[in-house]
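Student: here is a sequence together with a model predicted from it:
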Amino acid sequence: MSPADSGSKDVIRVALLGCGVVGSQVVRLLREQSDELAARVGAPIELAGIAVRRPQRHPEVPAELLTTDAAGLVARSDVDVVVELMGGIEPARDLLLDALKQGRSVVSANKALLAEEGEALATAARESGADLYYEASVAGAIPLLRPIQQSLAGDRIRRVAGIVNGTTNFILSAMESTGAGYADALEEAGRLGYAEADPTADVDGYDAASKAAILATLSFHTRVTASDVHREGIRDVTATDIASAKALGCSVKLLAICEQVDGDAGSTVSARVYPAMIPKAHPLASVSGAFNAVFVEADAAGPLMFYGQGAGGPQTASAVLGDLVAAARNKVIGGRGPRDTAYAHLPLQPVGEVRTRYHVNLDVHDRAGVLAAVASVFAEHGVSIATVKQEGGREKAAGPDDADADDAGHGGDAGTDATLVVVTHEAPDAALRATVDALSGLDSVRGVASVLRVEGLGRPVHALGGAQ
Ligand SMILES: NC(=O)c1ccc[n+]([C@@H]2O[C@H](COP(=O)([O-])OP(=O)(O)OC[C@H]3O[C@@H](n4cnc5c(N)ncnc54)[C@H](OP(=O)(O)O)[C@@H]3O)[C@@H](O)[C@H]2O)c1
């Protein structure tokens, strides 16, 4: 008999690791809702102890519960469930592996750890028969992992795409609504408590990449780690990009996209995080401020959207408590919940093969032949142009062949600057990148001012010209 199957419980004792923004709310909810939780679980939930670094900073917690010895707390024989809300990889990793090996069920909100060490943790849970739940690690309060793992267990998920980082969504929303540049919007986010003093994890996409790894793993039954996820952040998004997007009927969002791509050679998994223009008509475009939303598309279910608060103490604690109740119920009945399944072992699709569209903003010399030269670079790389627009000027549906004709009316004075905005049809990312590299080498191009991907996410991007 495994340690976790050793019989039902009439009280569930919890070791809480961490009592910060989320942990303190878990303590509060456990206290305020103890009778209801006991009724739902079938046994009372009691705190066995709370591990922190600096006990003196937690006067609100009964002193006898506090300890700085997290390993000692996890090892206590009267602990049934370990709730990890410390964050970081170590010592959380070792503590949770120890807990699982000893048959303690684990609840965690730690996306970085799950994205990095999910396989080791899942293996330890499987071997001891303990539960491993981590609903709060992706999209805070929003029930998302359980629907993917359980409600859609009979379906085939095709794509999971969403806004999973509130800080970057706040910044991009502020840039869109006020016209502010990135630096000013980041400063505002920091002032209002939406960005940390060091915003790297958020603005460079690390946080979203961890969440994408977890979503891809669960959706496609294939182990994906954070380092497998192609990642680009929002630091280079400019006010001009946002204005260009607006003019095209789009919003710029930092997207986490996980897809199963079926090809002649079999299926692959694509997992990527980058800022992209999406049409305003897409439900994700209207998700603003610090909110999160995730669009899940499954064969039989069709499109589903999950929306809500992706962070915050009480919000995240709600998801943690949901997991805790599930783990506690299993302890009471002497069973265990569903385990992670990573049986499919699908290969990862290299980002160069991902088919997407580009919006390219070029600073050019406004002289005869510019458009033809630019168009021929696209054509040489097999990238078809959907629309070309010159600053202050005309827009027309165009293929590469149309460009020569368009030059006729733009034979301005040699040396005058102009801006050329090109939107492409869908093409492999590698071809688009090579095109942009080649464009920067053209005499007539002063510089590539910006490059943003355009994602229809299953919807036609009519405003940008042509189907996807
Ligand atoms: N905050 C959110 O909105 C949110 C949303 C979703 C997921 N999460 C995840 O939830 C987890 C917790 O986040 P948080 O915002 O609550 O963090 P936090 O406010 O920084 O709290 C961390 C807690 O862990 C304790 N701790 C850290 N290292 C420790 C160690 N080595 N030994 C013992 N205790 C230690 C700290 O003790 P002291 O208090 O004594 O320093 C503190 O109580 C993270 O994995 C985070 O990614 C957070």
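Tutor: Done, it's in.
Student: what sits against the residue in the chain positioned nearest to the ligand?
Tutor: Closest residue of the chain to the ligand, C-beta to the nearest ligand atom: residue 20 (1.9 Å). Backbone N, C-alpha and C define where each C-beta goes, glycine included. Residue 20 makes contact with 85, 87, according to C-beta atoms under 8 Å, 6 or more residues apart in numbering.
Student: and the end-to-end length of stretch 88-107?
Tutor: 15 Å (C-alpha to C-alpha, to the nearest Å).
Student: does the ligand sit close to that stretch?
Tutor: Yes - contact of stretch 88-107 with the ligand (C-beta under 6 Å from any ligand atom) involves residue 91.
Student: which SS class is residue 451?
Tutor: Secondary structure, DSSP: H, G, I helix; E, B strand; the rest coil: residue 451 is strand.
Student: that one and residue 436 touch, don't they?
Tutor: Yes - at 5.5 Å, residue 451 counts as touching residue 436 under the criterion of C-beta atoms under 8 Å.
Student: between these two, what contacts are shared?
Tutor: Here residue 451 and residue 436 have 358, 360 as joint contacts, going by C-beta under 8 Å, 6+ apart.
Student: just how off-centre is stretch 345-353 within its chain?
Tutor: Offset of stretch 345-353 from its chain centre (C-alpha atoms, centre = their mean, to the nearest Å): 18 Å.
Student: next SSE downstream of the worst-scoring helix or strand of the chain on mean pLDDT?
Tutor: Lowest on mean pLDDT, DSSP states H and E among the helices and strands of the chain sits helix 403-407, with a mean of 38. As assigned by DSSP states H and E, the chain's next helix or strand after helix 403-407 is strand 417-424.
Student: can you list the buried residues in the helix or strand hosting residue 318?
Tutor: Using DSSP H and E, residue 318 maps to helix 313-333. By 16 or more other C-beta atoms under 10 Å, the buried positions in helix 313-333 come out as 313-332.
Student: could you pull up the mean pLDDT of the next helix or strand after that helix?
Tutor: Tracing the chain C-terminally past helix 313-333 and defining elements by DSSP H and E, one meets strand 355-365 next. Mean pLDDT, strand 355-365: 94.
Student: which helices and strands sit right next to strand 355-365?
Tutor: helix 239-247, helix 370-380, strand 417-424, strand 427-428, helix 429-440, strand 445-454 (3 or more C-beta pairs under 8 Å, 6 or more residues apart in numbering; DSSP states H and E).
Student: 7 Å instead?
Tutor: Here strand 355-365 touches helix 239-247, strand 417-424, helix 429-440, strand 445-454, going by 3 or more C-beta pairs under 7 Å, 6 or more residues apart in numbering; DSSP states H and E.
Student: for residue 77, the count of nearby residues, please.
Tutor: Neighbour count for residue 77, taken as other C-beta atoms under 10 Å: 6.
Student: how about residue 113?
Tutor: If you count neighbours by other C-beta under 10 Å, residue 113 ends up with 24.
Student: what's the one helix or strand it maps to packed up against?
Tutor: In this assignment (DSSP H and E), residue 113 forms part of helix 111-128. Here helix 111-128 touches helix 92-101, strand 132-133, helix 206-220, going by 3+ C-beta pairs under 7 Å, 6+ apart.
Student: kindly export it (C-alpha atoms) in PDB.
Tutor: Provided in PDB are the C-alpha atoms of helix 111-128 (Å, rounded to 0.1, in the frame of the first residue of the first chain):
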ATOM      1  CA  LYS A 111       4.200  28.300 -12.200                       C
ATOM      2  CA  ALA A 112       8.000  28.600 -12.500                       C
ATOM      3  CA  LEU A 113       8.500  25.400 -10.500                       C
ATOM      4  CA  LEU A 114       5.700  23.400 -12.300                       C
ATOM      5  CA  ALA A 115       7.000  24.600 -15.700                       C
ATOM      6  CA  GLU A 116      10.500  23.500 -14.900                       C
ATOM      7  CA  GLU A 117      10.100  20.500 -12.700                       C
ATOM      8  CA  GLY A 118       6.600  19.300 -13.600                       C
ATOM      9  CA  GLU A 119       7.800  15.900 -14.700                       C
ATOM     10  CA  ALA A 120       9.800  15.100 -11.500                       C
ATOM     11  CA  LEU A 121       6.900  16.300  -9.400                       C
ATOM     12  CA  ALA A 122       4.300  14.300 -11.400                       C
ATOM     13  CA  THR A 123       6.500  11.200 -11.200                       C
ATOM     14  CA  ALA A 124       6.900  11.500  -7.400                       C
ATOM     15  CA  ALA A 125       3.100  12.000  -7.100                       C
ATOM     16  CA  ARG A 126       2.400   9.000  -9.300                       C
ATOM     17  CA  GLU A 127       4.800   6.700  -7.400                       C
ATOM     18  CA  SER A 128       3.500   7.500  -3.900                       C
END
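Student: who's in contact with it?
Tutor: Here helix 111-128 makes contact (C-beta atoms under 7 Å, 6 or more residues apart in numbering) with 2-4, 88-89, 92-93, 96-97, 100-101, 103, 108, 131-132, 134, 137-138, 207, 210-211, 213-214, 217, 223, 225-226, 339-340.
Student: restricted to buried residues, select those in ChimeraX.
Tutor: In ChimeraX, this line selects whichever of those come out buried by 16+ other C-beta under 10 Å:
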select :4,92,93,96,97,100,103,108,131,132,134,137,138,207,210,211,213,214,217,223,225,226,340
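Student: rewinding a little: run through the buried residues of helix 313-333 and flag the ones next to the ligand.
Tutor: Near the ligand, by the rule C-beta under 6 Å from any ligand atom, you find residue 316 out of the buried residues of helix 313-333.
Student: which positions in the stretch 1-150 of the chain make contact with the ligand?
Tutor: With C-beta under 6 Å from any ligand atom as the criterion, the stretch 1-150 of the chain meets the ligand at residues 18-23, 51-54, 57, 70, 85-87, 91, 109-111, 136, 140.
Student: whichever of the residues you listed end up buried, select them in PyMOL.
Tutor: Restricted to buried positions by 16+ other C-beta under 10 Å, the PyMOL selection for these reads:
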select buried, resi 18+19+22+23+51+52+70+85+86+87+109+110+111+136+140
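Student: please list the members of the residues of the stretch 1-150 of the chain next to the ligand that lie in strands.
Tutor: residue 51 (DSSP state E).
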